[in-house]
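[1] Build me a model:
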Amino acid sequence: MDTFDLVTLLIVLCAALAYLNHRFIGLPSVIGLLVLSLGLSTVVWTSNHIFHLELAAKLENVIVHLDFSKALLEVMLSFMLFAGSFHADTEAIRREAKSIGIMAVLGTFIKTVVVAGLLYWCSMWLGMPMEWIYCLLFGALIAPTDPIAVLGILNRTKIPERVKTNIIGESLFNDGVGIVVFLTILEIVEKGKESFTIGGMLLLFAQEAIGGVLFGIALGYGAFLLLKSIDDYETEILITLAAVMGGYVLADALHISGPLAMVVAGLVTGSKTSREKSMSATTEQYLDRFWELLDMGLNAILFLLIGLRLVGLEFNGPLLILGIVAIITMLLARFITVKFLSTLFRKTINTTHREQIIVVWSGLKGGLSLAMALSIPHLPVKEPIVFITYAIVLFSIIVQGLSIEWVVRRNTRS
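    Prediction:
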């Protein structure tokens, strides 16, 4: 199946499942798409392996060979991060910058270690021991909250604005930190422990993260100057598209964090000041609608792909148990991290116990963690890591996503 046929199939499936959800089920769009695509995956697998239908076999073959990791990390992520930050409240994020920075940087490092320690102990207890380095690798990919999942679900939820700003800000920035930590640990796995040095890791972090932020500021300001110099919404939409696509490719060539660059560029371009100085009312309206539509479409395809990825996933009884343990481990690690940092930086983070519960339960995982898991080379632990990551992503989006409003209501009562 060529690229055009594949894209056509995905869009047709997205449209069909989105219609079924909106017409008959009524779940939040991203959750509804995920649930229905899981059902579709089950039907495809059953039709192929039990009834041996040729069409099901062909469809399963297409799904299994979809390069999910490449599709998200190299194609979709730049657009979705820019769109999310373009519509974010830049002023609110600036006001909460210190607490967001603490949770995005320190929080990601702490969660990585805590998840690794809990998983290492649990895997030993279950009789399925995992080496410490592989537990760290898993901790790095599951530590970041996913900005795509968070923005897709929390924008529909009435969370107190200050708490919501911190959750969204953390999700936008911590993926860059998580990816740097993940790539560093993956390099140790591939090249051996002798390749690792603290100085090397700090240099990589500075290059990727700080470089990404600085590049994003330059990219966003450059787009702002171009938008300010003309008043033609069609051309201005093309300018933002060029900034995202060209900027992401250039960031990769410079070996700096493309995701962080897109987040910062979106915040700079979409800030209240930039909008007032560089966009007419017509341009602002068209830009908002264009990026909202693009974000909605890519979100739909992403959650469809997550659901379809169930096909071809190998699992058994012990892996199911490990998956359940990993879910509990993930929640416990986030609770420990939020509680520890909120206590240590009490004046900066300034959250009540009830607000911390909301922050913990809103730490959704999504396609980014799954993409990182699937990008692991063929190592003995790849399949177990992919499976438990998938289990956490499904639990996070479906269970946490559907119950977040209840958790918020319960913890905001006076």
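[2] Span of stretch 94-114 from start to end?
    29 Å (C-alpha to C-alpha, to the nearest Å).
[3] which residues sit against it?
    Contact with stretch 94-114 is made by 93, 136, 139-140, 142-144, 162, 165-166, 169-170, 173-174, 177-178, 181, 332-334, 336-338, 340-341, 345, 348-350, as judged by C-beta atoms under 8 Å, 6 or more residues apart in numbering. Where C-beta positions appear, they are placed from N, C-alpha and C, glycine not excepted.
[4] Average pLDDT for that stretch, rounded please.
    Average pLDDT, stretch 94-114: 95.
[5] Would you mind listing the buried residues in that stretch?
    96, 99-114 (16 or more other C-beta atoms under 10 Å).
[6] Next step: the contacts of stretch 94-114 restricted to helices.
    Secondary structure defined by DSSP state H assigns 93, 136, 139-140, 142, 162, 165-166, 169-170, 173-174, 177-178, 181, 332-334, 336-338, 340-341, 348-349 of the contacts of stretch 94-114 to helices.
[7] Show me how to select, in ChimeraX, the buried members of those residues.
    To isolate the buried ones among the ones in helices among the contacts of stretch 94-114 in ChimeraX, judged by 16+ other C-beta under 10 Å, type:
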select :93,136,139,140,142,165,166,169,170,173,174,177,178,181,333,334,336,337,338,341,349
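[8] So which bits of the helix or strand harbouring L202 are buried?
    If you go by DSSP states H and E, L202 is part of helix 198-205. Within helix 198-205, the residues that count as buried by 16+ other C-beta under 10 Å are 201, 204-205.
[9] and which of these is nearest to G401?
    F205 (30.9 Å; C-beta to C-beta).
[10] With adjacent residues omitted, what lies nearest to the closest one?
    Take F205 and drop its neighbours on the chain: the residue closest to it by C-beta to C-beta, 6 or more residues apart in numbering is V180, 5.2 Å away.
[11] Does the one you found touch I210 like I think?
    No - assessed by C-beta atoms under 8 Å, V180 is found out of contact with I210, at 10.4 Å.
[12] confidence score at D5?
    In this prediction D5 is given a pLDDT of 89.
[13] can you list the domain ranges for the chain.
    3-64, 68-411 (automatic domain parsing).
[14] start to end distance for the shortest one?
    Looking at domain 3-64, the gap from its leading to its trailing residue is 15 Å under the measure C-alpha to C-alpha.
[15] May I see the buried residues of the helix or strand hosting L320?
    Take DSSP H and E as the rule and L320 turns out to sit in helix 317-344. Buried positions in helix 317-344, judged by neighbour count with 16+ other C-beta under 10 Å: 319, 322-323, 325-327, 329-331, 333-339, 341-342.
[16] what's the most buried one of the domains of the chain?
    Of all the domains of the chain, domain 68-411 carries the top mean neighbour count, a mean of 19, counting by mean count of other C-beta atoms under 10 Å.
[17] List the contacts of I11.
    I301.
[18] Report the separation between it and Q207.
    With the distance defined as C-beta to C-beta, to the nearest Å, I11 ends up 37 Å from Q207.
[19] do L53 as well
    From L53 to Q207 the distance is 51 Å (C-beta to C-beta).
[20] so what's the backbone phi/psi at F315?
    phi -150, psi 160 (degrees, to the nearest 10).
[21] just G127 next, same as before
    Here is the backbone geometry of G127 (degrees, to the nearest 10): phi 80, psi 20.
[22] rewinding a little: can you spell out which helices and strands pack onto the helix holding L202?
    helix 161-191 (3 or more C-beta pairs under 8 Å, 6 or more residues apart in numbering; DSSP states H and E).
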